[in-house]
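**Student:** Fold the following.
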Amino acid sequence: GLYAAMIARTGLDPEQVDDVLLGCVTQHGDQAANIAKTSLLYAGWPDQVPGMTVNRFCSSGLDAVNFASLKVQTGQASACLAGGVESMSSQPMLADGATVFTEPAHAARCRMLMMGSGADLVATRYGITREQVDTVALHSQQRAAAARESGRFHSIIPVSDPRRGTSLAVDECIRPQTSLDGLAQLEPAFATLGAQGIDALQLQEDPALSGIQHVHTAGNSPALADGAALVLVGGEALGRELGRAPRGRIVAASCICGDPLEVVSGCAAASAKLLNEQRLRSTDIDLFELHEAFAAIALKCQRDLQIDAERLNVNGGVIALGHPLGATGAMMLGMLLDEMERCDMRRGVVAASGAAGIGTALLIERH
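**Tutor:** Below is the predicted model:
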C-alpha cells in the first residue's frame, strides 16, 4: 500500500529509485529475509531496485531516513525510499529470541535491560512521580484524539485486508476516554522484573539511590502496534524531475548512546548533541517530535532541553498512537512535517530512542 501511495502522491517512477532502506527491529518470521527487498518483490517493483533492512532498535526508522539522505548527499543515489515496518501482532517484541535478552547472565554482562526498567530508573533519578507520568500519558491521549478529530493526520493512508474484507483508515490505539483516575488504577508493569535482580543491578551502578521507583504501567508506556511508514528522499534534481517542491530539508543528524541502564533516554541525548553541534538553543526550534518512549522520557526531554509543552509532541506521542518499533521514527518525521506545514514553521527536530541508550535526532528545515 505504501509503495502505491508513494507513486500516486509524488508521480514517482519506480525506475527512478536507487535504493530502499527500511527499519525493522524484530527480523523474524514474516519480517525476516530482508523485508526491504522482499516487500519490493511482493509489490512488483522493478528487479533492479535494491533494498536493505536497518536495525538500530527503536530508532531504526529514523536512521533509515538518515542513511538515505547520506546516499543522496554523497552522490551515490538520486532517489531513495526510507522508513520502516513492524507488525507486533504477528511478530511480538523479542520473538527473535536474542541471547542478550533471553539469558540473564549475558544480559547483565552487556548491561542490556528491558526498556521499562530503564524508564523506571530515569524516573527515580529525576524524582518523577507516578502522578506526573500518568499526566504525560493523559495529555498524549488527549492531544492525539484532538488531532485525529480535526484531521491533522492527513499523511495516513487506509490499509485494507482483502481476505477479511476489512479496511482501517485511522489509528485505533488512541483511547480518548482515558482519565487520571483510570490510569492510577493500573499496576506497575516492571516491579516484578526489578525484584528478580534488575533493581539490584541498577542500584549497584548508582549507589546514591535508595531504591527504584516503579511508576510505569501499561497506561503510561508506549502502546504496542502494527505500522509502516515511507519517505521519499532526494535532491533538488529529483524535485525538478517530479515537478514538486520538497516538504523539508534534512540539515543535520546526530546519533549517540547514553547510559545503557537508562535504556530509552537516547532521544534526549541525541537532541542535545544535535543542538550543540548546530549551535542552536531549544528556543530556536519551532517544533519537537520526540520519542515518548515511556512517560518519564518525555519529562526528561522537556527538562534537559528546556522545551515548553506547546512545542513538544503537540499531536500526541507513541503512548497514544502506538509504537511499531522499526517504523516509529519515520512516522514521527511524517507527523513533524505535517504540523510544520500546517502552522508554517521553519525548524523542527525529530528524535527517537533505541535500546541500550541509543538515540538518533534529525534537524529539519522548511523554506
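
**Student:** How far does the longest helix seen in the chain sit from its chain's centre?
**Tutor:** Under DSSP state H, the helix in the chain containing the largest number of residues is helix 130-149. For helix 130-149, the gap between its own C-alpha mean and the chain's C-alpha mean amounts to 17 Å (Cα atoms, centre = their mean, to the nearest Å).

**Student:** can you give me the strands in the stretch 251-367 of the chain?
**Tutor:** Assigned by DSSP state E, counting those that start in this stretch, the strands in the stretch 251-367 of the chain fall at 287-290, 347-353, 358-365.

**Student:** again, but for the stretch 1-150 of the chain
**Tutor:** 19-23, 51-54, 79-87.

**Student:** Remind me what the first one packs against, helices and strands.
**Tutor:** Read it as strand 19-23. helix 35-43, strand 51-54, helix 60-73, strand 79-87 (3 or more Cβ pairs under 8 Å, 6 or more residues apart in numbering; DSSP states H and E). C-beta here means a position set from N, CA and C on the backbone, and glycine is covered the same way.

**Student:** One more: the shortest one?
**Tutor:** The helices and strands touching strand 51-54, judged by 3+ Cβ pairs under 8 Å, 6+ apart, are strand 19-23, helix 35-43, helix 60-73.

**Student:** could I get these as a markdown table with mean neighbour count and mean pLDDT?
**Tutor:** Shown next, in a markdown table, are the helices and strands packed on strand 51-54 (neighbours: other Cβ atoms under 10 Å; pLDDT from 0 to 100):
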| stretch | mean neighbour count | mean pLDDT |
| --- | --- | --- |
| strand 19-23 | 28 | 98 |
| helix 35-43 | 17 | 97 |
| helix 60-73 | 25 | 98 |
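
**Student:** and of these, who's closest to Gly116?
**Tutor:** In terms of Cβ to Cβ, the element of those nearest to Gly116 is helix 60-73, at 19.3 Å.

**Student:** For the closest one, C-alpha coordinates in CSV please.
**Tutor:** As requested, C-alpha coordinates have been extracted for helix 60-73 and formatted as CSV (Å, rounded to 0.1, in the frame of the first residue of the first chain):
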residue,chain,number,x,y,z
SER,A,60,15.7,2.3,13.1
GLY,A,61,13.1,4.1,11.0
LEU,A,62,14.8,7.5,11.6
ASP,A,63,18.2,6.0,11.0
ALA,A,64,17.0,4.6,7.7
VAL,A,65,15.9,8.1,6.6
ASN,A,66,19.3,9.5,7.7
PHE,A,67,21.2,6.8,5.8
ALA,A,68,19.1,7.5,2.7
SER,A,69,19.9,11.2,3.0
LEU,A,70,23.7,10.4,3.2
LYS,A,71,23.5,8.4,0.0
VAL,A,72,21.8,11.3,-1.8
GLN,A,73,24.2,13.9,-0.3
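
**Student:** Show me what it is packed against.
**Tutor:** Applying 3+ Cβ pairs under 8 Å, 6+ apart, one finds that helix 60-73 contacts strand 19-23, strand 51-54, strand 79-87, strand 226-234, strand 249-257, helix 328-342, strand 347-353, strand 358-365.

**Student:** ok, Gly322 - contacts?
**Tutor:** Contacts for Gly322 were tallied using Cβ atoms under 8 Å, 6 or more residues apart in numbering; they are Asp171, Cys173, Pro222, Ala223, Leu224, Ala225, Asp226, Gly227.

**Student:** Kindly provide the distance from Arg311 to Ile157.
**Tutor:** 28 Å (Cβ to Cβ, to the nearest Å).

**Student:** Run a quick check on Asn34 versus Asn55, I expect a contact.
**Tutor:** No. Asn34 is beyond contact range of Asn55, at 11.1 Å (criterion: Cβ atoms under 8 Å).

**Student:** Touching, Gly227 and Pro324? I think so.
**Tutor:** Yes. With contact defined as Cβ under 8 Å, Gly227 and Pro324 form a contacting pair (3.4 Å).
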